[in-house]
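>>> turn this into a model:
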Amino acid sequence: MSVTLVGLALLMAAVTYPSRALPLLAPGIERLRPSVLLYLRLVGPAVLAALAATGTVLVVDGARHATIHVGIEWLAVVVALIVAGRSRNLFLGLLAAVALTAAARASGLG
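Now for the predicted structure:
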């Protein structure tokens with residue numbers, strides 16, 4: 001088991017926490033401009049999308065060699081986008097993607 005990415009996860013949590021905690025810590029945040037509120041609402045999904053895209057597209061072999069990977073994960077990302085877009089619920093999109101990936105891997109396709 002490798003713990004090399006634990007530090008990166010803690011750093012990402014520290015960087016994104018202020019924007020996620022701002023509504024809890026700042027009274028009257030609803031009086032901000034609509035563009036600022038939209039930005040703050042989309043920070044979390046944007047970070048999640050960046051992490052998903054990197055984990056889906058790139059496979060790192062060794063320290064400096066990365067290759068593009070095409071597999072069931074790409075389809076899972078598309079399913080997550082469609083479900084989340086139609087239901088307006090990010091959790092349902094992620095749940096659908098995880099279920100598709102688990103089913104594909106259990107059947108030997110992924």
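
>>> so Thr54 is in which element?
Using DSSP states H and E, Thr54 sits within helix 34-57.

>>> run through who's touching that helix.
Applying CB atoms under 8 Å, 6 or more residues apart in numbering, the contact partners of helix 34-57 are 12, 16, 19-20, 22-23, 29-30, 32, 68-69, 73-74, 76-77, 80, 90. For the C-beta atoms, the positions are set from N, CA and C on the backbone; glycine is no exception.

>>> averaged pLDDT, the host helix or strand of Ala80. What do you get?
Using DSSP H and E, Ala80 maps to helix 72-87. Per-residue pLDDT over helix 72-87 has a mean of 89.

>>> that older thread, by how many degrees do the helix holding Thr54 and helix 72-87 diverge?
Angle between the axes of helix 34-57 and helix 72-87 is 150 degrees (criterion: axes from the mean of the first three to the mean of the last three CA atoms, to 10 degrees).

>>> what residues does the strand or helix carrying Pro23 touch?
For Pro23, the element it lies in under DSSP H and E is helix 6-25. Helix 6-25 is contacted from outside by 29, 40, 43-44, 47, using CB under 8 Å, 6+ apart.

>>> out of these, who's nearest Val3?
Val47 (21.1 Å; CB to CB).

>>> so for the closest one, what's the pLDDT?
78.

>>> and the gap between it and Leu100?
As judged by CB to CB, to the nearest Å, Val47 and Leu100 stand 22 Å apart.

>>> and Thr56, by the same measure?
According to CB to CB, Thr56 and Leu100 sit 13 Å apart.

>>> residues shared between the contacts of these two?
Here Thr56 and Leu100 have Ala76 as joint contacts, going by CB under 8 Å, 6+ apart.

>>> and the worst-scoring helix or strand of the chain on mean pLDDT, which strands flank it?
Using mean pLDDT, DSSP states H and E, the weakest-scoring helix or strand in the chain turns out to be strand 58-61, at a mean of 71. Strand 58-61 pairs in its sheet with strand 65-68 (antiparallel), by DSSP bridges.
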